[in-house]
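Trainee: quick check, what structure comes out for this input:
(chains A, B, C and D)
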Protein chains: 2
Amino acid sequence: MGIDQLDGRLLVLLAREPRIGVLEASRRLGVARGTVQARLDRLQSNGVIRGFGPQVDPAALGYPVTAFATLQIRQGQGTDVRAHLATVPEVLELHTTTGSGDMLCRLVARSNADLQRVIDLVVGFDGIVRAATAIVMENPVPLRIIPLVEQAAGDGD
Amino acid sequence: MGIDQLDGRLLVLLAREPRIGVLEASRRLGVARGTVQARLDRLQSNGVIRGFGPQVDPAALGYPVTAFATLQIRQGQGTDVRAHLATVPEVLELHTTTGSGDMLCRLVARSNADLQRVIDLVVGFDGIVRAATAIVMENPVPLRIIPLVEQAAGDGD
DNA sequence: GTATTCACTGGACAACATGCGCAGCAACTG
DNA sequence: CAGTTGCTGCGCATGTTGTCCAGTGAATAC
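Mentor: Coordinates of the predicted model:
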């Protein structure tokens, strides 16, 4: 576990210019192509790289409204609530957190009005006691990983 | 704006098997290669597909602890706080939300003990009045987009 | 000290995918 | 009706991939 500097440089390079191939990456990094291939294979079997799926923007799909909902769950209903939320497409993410029976989920909706429908869908379920929703207005730091990769590659390991 | 069924099938296919190329995708979808290429180009210039960067797992990088922190910001200090949080690698994501001067951020840390250091880093800044942190225990629904793509492609458009 | 293992290099090869352009065709629009 | 748009099916030159191999240096084991 852990990555070295070459891994870090490779990850940052791929994050910045995903379209380059193994060959171009090896040129940029100044190492042999086989090395890059071996590192990539290792990073993927390590689980460091989960995949190269397309990053889809929900806003461009017609869902420009994002919200976070904190849900309070009735004791013992956690499994049912999880299964319920997994069936709602607008639930992009669900976490269980510290605090008795609390969950946090990320929602998207077509509009503020549509958000009401989504919230009703989400909380219209027996096991959910209470829900608090915060609508996202701005996203000053979009989901990122490069700074963490640089830190992980730089210091430790 | 909006995607049709072919776009949807293409996105789902790419999300499930990112390594396949344009040619293989065209074979699977039963359309000409040029069509897939044109759709991909359009989806990317549309902004529907933001990119194909590697999805890196912070846990595999040595940061297995995730937490969400709700921050209350002093009036007028928002810009400074944003700039401050952007410099902290462990802040993976930052949103401003409804509620006077509230922000929500996603944090990672090397351990529960290390989380304390990260939180101190985050809240040890003038403009932040109060912080509430929820540690993530489980992640029943990891960040996903496929169900939403299917819904966007299926009904409306 | 010597043997073994490991990671990286630099090279080679065939197979494959890509970017590109083209003509034909169907559906829609003004 | 002519113009536009999107899809098809084709070909080509080029670049990349997957996969070998032998050689080298460093670290580790005996």
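Trainee: show me the contact partners of stretch A:122-138.
Mentor: Residues from elsewhere that reach stretch A:122-138 (Cβ atoms under 8 Å, 6 or more residues apart in numbering or on different chains): A:65-74, A:77-78, A:80-81, A:84-85, A:88, A:90-91, A:101, A:105, A:107, A:112, A:115, A:119, B:70, B:95-99, B:102, B:104. No exception for glycine: its C-beta is placed from N, CA and C like everyone else's.
Trainee: now find how far off-centre it is within its chain.
Mentor: 20 Å (Cα atoms, centre = their mean, to the nearest Å).
Trainee: next one: phi and psi at A:D80?
Mentor: phi -60, psi -40 (degrees, to the nearest 10).
Trainee: residues near it, how many?
Mentor: 15 (other Cβ atoms under 10 Å in any protein chain shown).
Trainee: and the residue in chain A that DNA strand D sits nearest to, how far from A:I3?
Mentor: Here chain A gets closest to DNA strand D at one residue, A:G21, 2.1 Å apart by Cβ to the nearest atom of the strand. Computed as Cβ to Cβ, to the nearest Å, the A:G21 to A:I3 distance reads 21 Å.
Trainee: which strands border the lengthiest strand in chain A, and is each parallel or antiparallel?
Mentor: Criterion DSSP state E: the longest strand present in chain A is strand A:128-141. Partners of strand A:128-141 in the sheet, by DSSP bridges, are strand A:65-73 (antiparallel), strand B:91-97 (antiparallel).
Trainee: dump those into a markdown table; add mean pLDDT as well.
Mentor: Formatted as a markdown table, the strands paired with strand A:128-141 follow (pLDDT from 0 to 100):
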| stretch | mean pLDDT |
| --- | --- |
| strand A:65-73 | 96 |
| strand B:91-97 | 98 |
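Trainee: can you list the weak-confidence ranges in chain A?
Mentor: Along chain A, segments meeting pLDDT under 70 span A:1, A:155-157.
Trainee: please redo it, this time with the cut-off set to 50
Mentor: A:156-157 (pLDDT under 50).
Trainee: chain neighbours aside, what residue packs nearest to A:I73?
Mentor: Spatial nearest neighbour of A:I73, chain neighbours left out: A:G101 (3.7 Å); criterion: Cβ to Cβ, 6 or more residues apart in numbering or on different chains.
Trainee: likewise A:D80?
Mentor: A:D80 sits nearest to A:G127 (Cβ to Cβ, 6+ apart), 5.2 Å away.
Trainee: what does A:V88 give?
Mentor: In this structure, A:V88 finds its nearest non-sequential neighbour in A:L121, 5.5 Å apart by Cβ to Cβ, 6+ apart.
Trainee: hang on, the one you found packs against A:L85?
Mentor: No: A:L121 is beyond contact range of A:L85, at 9.3 Å (criterion: Cβ atoms under 8 Å).
Trainee: between the two, who's got more neighbours?
Mentor: Neighbour tally, A:L121 and A:L85, criterion other Cβ under 10 Å: the higher count belongs to A:L85, 23 against 18.
Trainee: let me see the backbone angles for the more buried one.
Mentor: phi -70, psi -30.
Trainee: secondary structure of A:S100: a strand, I assume?
Mentor: No: applying DSSP: H, G, I helix; E, B strand; the rest coil, one finds A:S100 to be coil, outside a strand.
Trainee: phi and psi next, for it.
Mentor: Per-residue torsions, A:S100: phi -60, psi 110 (degrees, to the nearest 10).
Trainee: for it, which residues are in contact?
Mentor: Here A:S100 is in contact with A:Q75 (Cβ under 8 Å, 6+ apart).
Trainee: quick one: furthest residue from the center of chain A?
Mentor: Distance from the C-alpha centroid of chain A, by Cα atoms, centre = their mean, peaks at A:A32 (32.0 Å).
Trainee: where is the longest helix in chain A?
Mentor: helix A:33-46 (DSSP state H).
Trainee: does that helix reach DNA strand D?
Mentor: Yes: judged by Cβ under 7 Å from any atom of the strand, helix A:33-46 comes into contact with DNA strand D at A:33-34, A:37.
Trainee: fine by me, thanks again.
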